[in-house]
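1. what would the 3D arrangement of this be:
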Amino acid sequence: MEVLVATSLFAVATVVAGDILVSDVQLEKKTNLQNTLAAEMRIIVQQISSEIQDGTIDYDEYYADCVLQNACKSGTSNSALYGFYNGVYGSRFYDPGKSLDNAVTNNPDDLGAECSFPTPQNGKECEVVYNLSVDLNTGQNPFTGDPDLANAFCDHQNGDRGVCNQITGGSVKVDQLFILDKTGTKKTMFAKKLIRNVAGGTPDYALGKVVMNGKDYDQNGVMDIFSCADGYNCFNNANAIALLSPFKMIVKDANFVTTNKITVPWSSDLSTPFEGHSDIATFVPITPLFATVKDVQFIIHPLEDPYKAYAEPKMKGQPSVTIMLTVGLSSVSAKDYPGTFPDITLQTTVAAGVTNRIDSYPPVVELKDANSINWLKDMLNSWPGQLSLFSVSN
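-> All right, here's what the predicted structure looks like:
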């Protein structure tokens, strides 16, 4: 009887000790995974923050993608070409070429910045750019009407294009981040990138990154067009790009794209799995090894470039980005950890490092379609419905 009692007590003690050991091992594994996910999250946020601190919000890119191409709305099926329509935002809201007394000049219509070029689009020499103007600083605002009707993310005066319904309190929440470096020669773009589809499970995502370098064809210090940096497999089908009518206003010959080896990112790449397609992927994943990016959002403030806004007190503030990132355990890592694992969310605000205006003009006249006299108005009037009917793969 004593032996049976002792054996029973030993068995019970062994089971309890085993449960404690298993729990300790699981807790340690869970803690290690949490630390790993937190470390990967810090890597992601650090890379984004360093780009913001070394540059500023790329309002030109947001206007080109959100307004012109109408491709930033939540749930939209529109795809966008990145980096191709540089300078449109500047021409819409910033024009140093009109005279103070509204006298007729030889300057191209609403493209006064082009007067810095030796051969204007209309073939005539531009007159002197007036220093005095409506904003008493550097130029005359070509935008007329209520300034609240249009900004870098929403343009009510041109068919309610953009992300007007995503604007709250002078800020806008978007799921892609466009940063221009302090020299105005490099664009960096971040967005959630599909890594793998999981049969019967939730797909895994990472934060994707693509970098574009500017090309200055007339050597005036302002980038005329941007192309993907080495190491990024970007889109360069000149014939397909030529189907977009506004493209014809930017360069007079579609072959210019291939001749000058211009490649651009295409937003549809974000929904193409990186695994199995890494040889054609545009956006390169930034980590994660064990994590999956559940959600990433960016709150942009203000809605205009404060160094180009005209007498708009709401827009006078240093640009900043609030990063909201949620990560969880990836499907691959979850196989090794059968229990539940909570997501981790981080939110932080980073101020842009640039405290001055970065000039941006439309492409130089040598690249433009000579038949487009009023380039900006032609561009704005040509976009509705274009991209929704156009799809292309790498």
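2. would you mind listing the buried residues in stretch 171-179?
-> Within stretch 171-179, the residues scored as buried using 16 or more other C-beta atoms under 10 Å are 172, 174, 176, 177, 178, 179. C-beta: built from backbone N, CA, C; applies to glycine.
3. now it: mean pLDDT?
-> Throughout stretch 171-179, pLDDT has a mean value of 95.
4. CA-only coordinates of it in CSV, if you can.
-> Only the C-alpha atoms of stretch 171-179 are listed here, as CSV (Å, rounded to 0.1, in the frame of the first residue of the first chain):
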residue,chain,number,x,y,z
SER,A,171,-5.2,65.5,-42.5
VAL,A,172,-5.7,62.5,-44.7
LYS,A,173,-5.3,58.8,-44.1
VAL,A,174,-3.8,56.8,-47.0
ASP,A,175,-2.3,53.3,-47.3
GLN,A,176,0.8,54.4,-49.4
LEU,A,177,3.6,56.7,-48.4
PHE,A,178,5.5,58.8,-50.9
ILE,A,179,8.6,60.6,-49.8
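5. hey, where'd the helices end up in the protein?
-> Along the chain, counting by DSSP state H, helices occupy 2-53, 59-62, 88-93, 238-241, 245-250, 255-259, 331-334, 375-382.
6. of the buried residues of stretch 171-179, closest to residue 221?
-> residue 179 (19.8 Å; C-beta to C-beta).
7. my read: the closest one touches residue 60, true?
-> No: assessed by C-beta atoms under 8 Å, residue 179 is found out of contact with residue 60, at 11.5 Å.
8. among the buried residues of stretch 171-179, name the ones in strands.
-> Residues of these located in strands (DSSP state E): 172, 174, 176, 177, 178, 179.
9. so which of those residues is the closest to residue 196?
-> Checking these against residue 196 with C-beta to C-beta, the nearest one is residue 176 at 20.9 Å.
10. residue contacts, the closest one?
-> With contacts defined as C-beta atoms under 8 Å, 6 or more residues apart in numbering, residue 176 is in contact with 65, 72, 189, 190, 191, 267, 298.
11. so what's it bridging to?
-> Legend: beta-bridge partners of residue 176 under DSSP bridges are residue 191.
12. with residue 320 instead?
-> Going by DSSP bridges, residue 320 forms beta bridges with residue 301, residue 351.
13. give me the neighbour count for it.
-> A count of nearby residues for residue 320, using other C-beta atoms under 10 Å, gives 17.
14. any regions of the stretch 201-350 of the chain where pLDDT drops low?
-> Scanning the stretch 201-350 of the chain for pLDDT under 70 picks out 218, 220, 237-255, 310-311, 338-339.
15. quick one, strands of the stretch 151-300 of the chain?
-> Remark: strands assigned in the stretch 151-300 of the chain by DSSP state E, counting those that start in this stretch are 154-155, 161-162, 167-168, 171-174, 176-181, 186-196, 204-215, 225-228, 284-286, 291-301.
16. select, out of these, the one closest to residue 276.
-> strand 186-196 (8.0 Å).
17. got the buried residues for the closest one?
-> By 16+ other C-beta under 10 Å, the buried positions in strand 186-196 come out as 186, 187, 188, 189, 190, 191, 192, 193, 194, 195, 196.
18. convert the C-alpha atoms of that strand to CSV, please.
-> In CSV, the C-alpha atoms belonging to strand 186-196 read as follows (Å, rounded to 0.1, in the frame of the first residue of the first chain):
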residue,chain,number,x,y,z
LYS,A,186,14.9,60.7,-55.2
LYS,A,187,11.4,59.3,-54.6
THR,A,188,10.9,56.5,-52.0
MET,A,189,7.5,54.7,-51.9
PHE,A,190,6.1,52.4,-49.2
ALA,A,191,3.0,50.2,-49.3
LYS,A,192,1.7,46.8,-48.1
LYS,A,193,3.0,44.1,-50.5
LEU,A,194,1.6,40.6,-50.9
ILE,A,195,4.2,38.0,-50.0
ARG,A,196,2.4,34.7,-50.4
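19. now do that strand against strand 176-181, angle only.
-> 150 degrees (axes from the mean of the first three to the mean of the last three C-alpha atoms, to 10 degrees).
20. sorry, back to before: export the strands of the stretch 151-300 of the chain to CSV and append columns for distance to residue 320.
-> Shown next, in CSV, are the strands of the stretch 151-300 of the chain (distance: least, C-beta to C-beta, whole Å):
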stretch, distance to residue 320
strand 154-155, 19
strand 161-162, 20
strand 167-168, 15
strand 171-174, 9
strand 176-181, 12
strand 186-196, 16
strand 204-215, 19
strand 225-228, 24
strand 284-286, 21
strand 291-301, 5
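21. of those strands, which is nearest residue 332?
-> Once the strands of the stretch 151-300 of the chain are compared by C-beta to C-beta, strand 204-215 is nearest, at 7.2 Å.
22. so what strands line up beside that closest one?
-> Going by DSSP bridges, the partners of strand 204-215 are strand 186-196 (antiparallel), strand 225-228 (antiparallel), strand 284-286 (antiparallel).
23. great, nothing more from me.
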